[in-house]
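Student: A structural model of the following input is requested.
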Amino acid sequence: MSASYEVRDGVAVITLNNPPVNGLGYDTRRGIADGIERANGDAAVKAIVVTGAGKAFSGGADIREFDSPRATAEPNLLSLIKLAEASGKPIVAAIHTVCMGGGLELALGCHYRVAAPGAAIALPEVKIGLIPGAGGTQRLPRVLGVETAMNMIVKGDPVPSEVLASLPGQKLIDQMIEGDLLAGAIAFALKIADVRPLPSVRDLKVKHPNPDAYVKFVRNMVAGMAKNFPAPLGCVDAVAYSLKARSLDDGLAEELRIFKGLMLTPEAKALRHAFFGERAASKIPDVPESTPQRTIATVGVIGAGTMGGGITMNFLNAGIPVTMLEMKQEALDRGVATIRKNYEAQVKKGKLKAEKYEQRMALLTTTLSYADLKNADLIIEAVFEEIGVKETVFKTLDEVAKPGAILASNTSTLDVDKIASFTKRPQDVVGMHFFSPANVMKLLEVVRGKETAKDVLATVMAIAKKIKKTAVVSGVCDGFIGNRMIEQYSRQAGFLLDEGATPAQVDKAIEKFGFAMGPFRMGDLAGNDIGWAIRKRRAIEHPNMLYSRTADKLCELGRYGQKTGAGWYDYQAGNRNAIPSKLVEDMIAAHRTELGITPRKISDEEIVQRLVFALVNEAAHILEEGIANKASDIDMVYLTGYGFPLFRGGPLCYADSLGLYNVAQAMKRFARNPHDDAAFWQPAPLLARKVAEGTSFT
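Tutor: Alright, predicted model coming up:
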């Protein structure tokens with residue numbers, strides 16, 4: 001059983017023991033239920049304490065059983081809570097560290113609750129597109145009041161136990177316990193052992209002085225913020241129902257009805273896919289969790305520009321000392337000034353305490369000499385994206401870095417195996433591709449070279465977690481996962497211009513679909529000259545690859561984007577708003593005339609399908625080649641690094657939701673377009689196989 005039972009001083013102690021967060025899987029539920037029945041049948045037992053072993057009371061549902069029959073097998077969570085409520089002997093929930101989701105719902109079914117300070121308490125189901133499904137929306141308003149409960153359930157964020165315990169009139173926490181929680185809980189249980197009748201949350205009333213006006217206000221506010229996510233409004237409806245439910249059981253029935261309706265929505269499926277995908281990304285098939293890790297106590301960063309400075313901040317934020325190297329003092333001074341400016345902005349907004357800011361800056365050392373990196377455990381280069389520059393850096397690092405130091409490149413497209421070959425220690429070389437701004441963006445592509453050691457991979461994945469990144473492993477290829485796919489997306493955007501669309505129309509269509517930013521606004525933000533350099537390289541390496549010439553013509557006009565005040569759009573000084581440019585539209589029209597293309601009206605649906613299905617087809621090639629380990633890894637790259645809409649779950653999850661047969665049929669249509677790249681639109685072999693088998697990516 002995943003729950004232990006013992007009797008101490010006449011108190012039965014049931015301890016959940018299902019690491020890492022005591023998820024309420026079938027065995028754990030069975031163990032709790034058996035413990036409650038056993039205690040009630042033992043005349044020597046006066047009361048019961050339920051607590052959790054290790055670092056949690058309970059984090060809720062056991063995600064390993066999600067969508068399996070064991071998740072709902074009896075006793076399910078609703079039955080377990082009913083059993084706890086009906087216990088003839090008082091049950092005290094001893095809450096510590098983590099009490100979330102079903103864990104909190106179980107605690108609400110107990111007669112009393114005591115808590116240690118610092119316990120994170122939450123009903124976070126909204127984050128996976130659901131509402132609490134075991135009474136949370138009906139019981140939490142009874143103990144905290146409608147407004148506090150509504151706020152917690154709609155947001156899903158954890159609140160410290162001591163904050164909740166200090167709320168006037170709260171009935172969630174009966175006693176805060178400093179020191180030994182279990183000893184305090186047993187003492188509390190003995191004190192209330194003979195109190196009758198036993199208190200029950202179900203007997204409390206839900207009240208609000210002006211319920212109709214309050215619910216209307218909240219519903220309007222949440223509708224404006226939730227947009228494409230139905231779960232937040234489902235939370236509002238369920239909590240609002242607690243105000244008018246004839247009984248708790250009536251409220252539970254309505255909660256379950258809303259829960260089941262949300263469970264089937266594509267948005268909830270997408271959010272669950274993202275939730276599991278993020279956790280699965282850290283698992284590498286041939287690198288077991290037991291793989292030893294190298295110690296990373298100090299980090300070196302080469303380059304103090306935008307990327308180098310952003311990378312440095314990640315480690316300073318995590319309390320890891322950084323030595324930042326540049327070739328010139330002015331460049332170092334600029335880099336440090338930018339880091340300071342970023343931190344000062346956080347201090348000004350109240351997001352960072354002044355003393356924390358100073359502590360972080362105290363961890364930063366600057367240097368103009370490679371020799372000062374000799375003791376670094378991890379060295380990351382963030383220099384100009386040109387193989388000759390990388391060669392100079394890595395040959396120098398090979399001479400100065402200590403044995404066992406991990407040497408990482410922040411390259412976004414270059415061959416990591418070639419970079420590793422510049423050293424005598426290719427096993428220590430890995431790609432760490434941060435996304436700009438590196439101190440903000442969650443994604444880290446970890447590029448595994450053919451000789452990268454397993455302990456290097458394990459160490460980098462662990463350090464990524466420490467600096468709060470979502471790390472996804474990629475094999476070596478041009479552009480890795482993200483940029484290799486975005487190239488196909490961008491090529492389609494160019495062909496759409498050739499055929500009759502405008503940059504604004506393409507951007508608006510894909511932004512309406514849910515992308516944070518369309519391809520042309522993205523190009524202006526990143527710098528159109530970056531893509532230009534890649535296309536020049538492509539012209540030598542892959543002379544047969546087709547592109548629209550519009551992007552090159554734009555760069556030939558010096559319109560590199562926001563940094564030059566003009567790109568696909570015009571920009572006014574001090575303002576990032578994209579203003580459609582007549583000059584650009586005239587350039588595109590002249591280009592069409594040169595090609596002999598008569599512009600046609602292109603629907604938003606075609607725009608979205610060509611851009612997104614280009615991602616899907618390239619992703620299928622990447623999967624088949626083994627560049628990505630699994631479909632969810634590709635989706636995590638796009639959700640965390642490229643602004644793909646979260647409520648659609650990533651390119652491959654979205655393709656599955658449409659049906660891969662339908663996706664492949666659309667690709668065949670696009671292949672017949674004389675102005676597109678017919679060869680590219682042949683469905684990738686993996687995609688074609690899945691269509692034939694009737695299977696899906698995810």
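Student: spell out which residues make up each domain of this protein.
Tutor: 3-262, 299-474, 482-693 (automatic domain parsing).
Student: as a markdown table, these with mean neighbour count would be great.
Tutor: In short, each C-beta sits where N, CA and C put it, glycine included. A markdown table is the format used below for the domains of the chain (neighbours: other CB atoms under 10 Å):
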| stretch | mean neighbour count |
| --- | --- |
| domain 3-262 | 19 |
| domain 299-474 | 19 |
| domain 482-693 | 19 |
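Student: which other helices and strands does the helix or strand of the chain with the lowest mean pLDDT contact?
Tutor: Every helix and strand in the chain was compared by mean pLDDT, DSSP states H and E; the lowest is helix 528-541, with a mean of 84. When contacts are defined as 3 or more CB pairs under 8 Å, 6 or more residues apart in numbering; DSSP states H and E, helix 528-541 packs onto helix 550-556.
Student: packing partners of the helix or strand just after the helix it packs on?
Tutor: Where DSSP states H and E defines the elements, the next helix or strand beyond helix 550-556 is strand 569-570. Helices and strands touching strand 569-570, by 3+ CB pairs under 8 Å, 6+ apart, are helix 519-526, strand 579-580.
Student: grab the nearest non-local neighbour of Leu373.
Tutor: Nearest residue to Leu373 in three dimensions, chain neighbours excluded: Gly300, at 4.0 Å (CB to CB, 6 or more residues apart in numbering).
Student: other SSEs contacting the helix or strand encompassing the one you found?
Tutor: Remark: Gly300 resides in strand 299-302, with elements defined by DSSP H and E. Contact here means 3+ CB pairs under 8 Å, 6+ apart; on that basis strand 299-302 packs against helix 306-317, strand 322-325, strand 378-381.
Student: hmm, who's touching the first one?
Tutor: By CB atoms under 8 Å, 6 or more residues apart in numbering, the surrounding residues in contact with helix 306-317 are 299, 301-302, 304, 321-322, 324, 335, 338-339, 342-343, 360-361, 363-364, 380, 382, 410, 434, 436-440, 467-469.
Student: now that helix: mean pLDDT?
Tutor: Helix 306-317 carries an average pLDDT of 96.
Student: swap in the last one?
Tutor: In this model, strand 378-381 has an average pLDDT of 98.
Student: packing partners of it?
Tutor: Using 3+ CB pairs under 8 Å, 6+ apart, strand 378-381 is in contact with strand 299-302, helix 387-400, strand 406-409.
Student: partners of it in the sheet?
Tutor: Using DSSP bridges, strand 378-381 pairs in its sheet with strand 299-302 (parallel), strand 406-409 (parallel).
Student: distance between that strand and the chain's centre?
Tutor: Here strand 378-381 is found 25 Å from its chain centre; the criterion is CA atoms, centre = their mean, to the nearest Å.
Student: now swap in the second one and tell me
Tutor: Average the C-alpha atoms of strand 322-325, do the same for its chain, and the two points are 28 Å apart (CA atoms, centre = their mean).
Student: export that strand as PDB, just CAs?
Tutor: The C-alpha coordinates for strand 322-325 follow below in PDB (Å, rounded to 0.1, in the frame of the first residue of the first chain):
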ATOM      1  CA  VAL A 322      29.200  33.900 -13.200                       C
ATOM      2  CA  THR A 323      32.400  35.200 -14.800                       C
ATOM      3  CA  MET A 324      31.500  37.100 -17.900                       C
ATOM      4  CA  LEU A 325      34.200  37.600 -20.600                       C
END
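Student: about what we covered before: distance to Pro132 added to the helices and strands packed on strand 299-302, as TSV?
Tutor: What follows is the helices and strands packed on strand 299-302, written out as TSV (distance: least, CB to CB, whole Å):
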stretch	distance to Pro132
helix 306-317	32
strand 322-325	42
strand 378-381	42
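Student: of these, which approaches Ala539 most closely?
Tutor: Checking the helices and strands packed on strand 299-302 against Ala539 by CB to CB gives helix 306-317 as the closest, at 25.9 Å.
Student: mind saving the C-alpha coords of the closest one as PDB?
Tutor: Extracted as PDB, the C-alpha positions of helix 306-317 are listed here (Å, rounded to 0.1, in the frame of the first residue of the first chain):
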ATOM      1  CA  THR A 306      22.100  40.900 -25.400                       C
ATOM      2  CA  MET A 307      22.300  37.100 -25.400                       C
ATOM      3  CA  GLY A 308      25.300  36.800 -23.100                       C
ATOM      4  CA  GLY A 309      23.900  39.200 -20.600                       C
ATOM      5  CA  GLY A 310      20.500  37.400 -20.600                       C
ATOM      6  CA  ILE A 311      22.200  34.000 -20.100                       C
ATOM      7  CA  THR A 312      24.300  35.400 -17.200                       C
ATOM      8  CA  MET A 313      21.100  36.700 -15.500                       C
ATOM      9  CA  ASN A 314      19.600  33.200 -15.400                       C
ATOM     10  CA  PHE A 315      22.500  31.900 -13.300                       C
ATOM     11  CA  LEU A 316      22.700  35.000 -11.100                       C
ATOM     12  CA  ASN A 317      19.000  34.600 -10.400                       C
END
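Student: ok so, going back, tabulate the domains of the chain (a markdown table), appending distance to Pro292.
Tutor: Shown next, in a markdown table, are those (distance: least, CB to CB, whole Å):
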| stretch | distance to Pro292 |
| --- | --- |
| domain 3-262 | 20 |
| domain 299-474 | 5 |
| domain 482-693 | 21 |
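Student: which strand or helix spans Val472?
Tutor: strand 470-474.
Student: hey, where'd the strands end up in the stretch 151-300 of the chain?
Tutor: 159-160, 175-176, 299-302 (DSSP state E, counting those that start in this stretch).
Student: TSV for the ones you listed, including distance to Leu611?
Tutor: Conversion of the strands of the stretch 151-300 of the chain to TSV gives the following (distance: least, CB to CB, whole Å):
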stretch	distance to Leu611
strand 159-160	41
strand 175-176	54
strand 299-302	35
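Student: adding mean pLDDT and distance to Arg689, write the ones you listed out as TSV.
Tutor: As requested, these are exported to TSV (pLDDT from 0 to 100; distance: least, CB to CB, whole Å):
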stretch	mean pLDDT	distance to Arg689
strand 159-160	98	48
strand 175-176	98	59
strand 299-302	98	44
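Student: closest to Met150 out of these?
Tutor: Of all the strands of the stretch 151-300 of the chain, strand 159-160 comes closest under CB to CB, at 13.0 Å.
Student: all helices of the stretch 551-698 of the chain, in order?
Tutor: Listed in chain order, the helices of the stretch 551-698 of the chain (DSSP state H, counting those that start in this stretch) span residues 582-595, 604-624, 631-641, 651-658, 660-671, 685-693.
Student: which ones are touching the closest residue in space to Asn17 that isn't next to it in sequence?
Tutor: With sequence-adjacent residues excluded and distances taken as CB to CB, 6+ apart, Asn17 is closest to Ala53, at 4.3 Å. By CB under 8 Å, 6+ apart, the contact set of Ala53 is Ser4, Thr15, Leu16, Asn17, Pro19, Asn22.
Student: the last one should be in a strand, yeah?
Tutor: Which is Asn22. No - Asn22 is assigned coil when assessed by DSSP: H, G, I helix; E, B strand; the rest coil, not a strand.
Student: how close does it get to Val98?
Tutor: Shown here: Asn22 relative to Val98, a distance of 8 Å by CB to CB, to the nearest Å.
Student: do the second one as well
Tutor: When distance is defined by CB to CB, Thr15 is 15 Å away from Val98.
Student: make CSV from the helices of the stretch 551-698 of the chain and add mean pLDDT to it.
Tutor: Formatted as CSV, these follow (pLDDT from 0 to 100):
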stretch, mean pLDDT
helix 582-595, 96
helix 604-624, 98
helix 631-641, 97
helix 651-658, 97
helix 660-671, 97
helix 685-693, 97
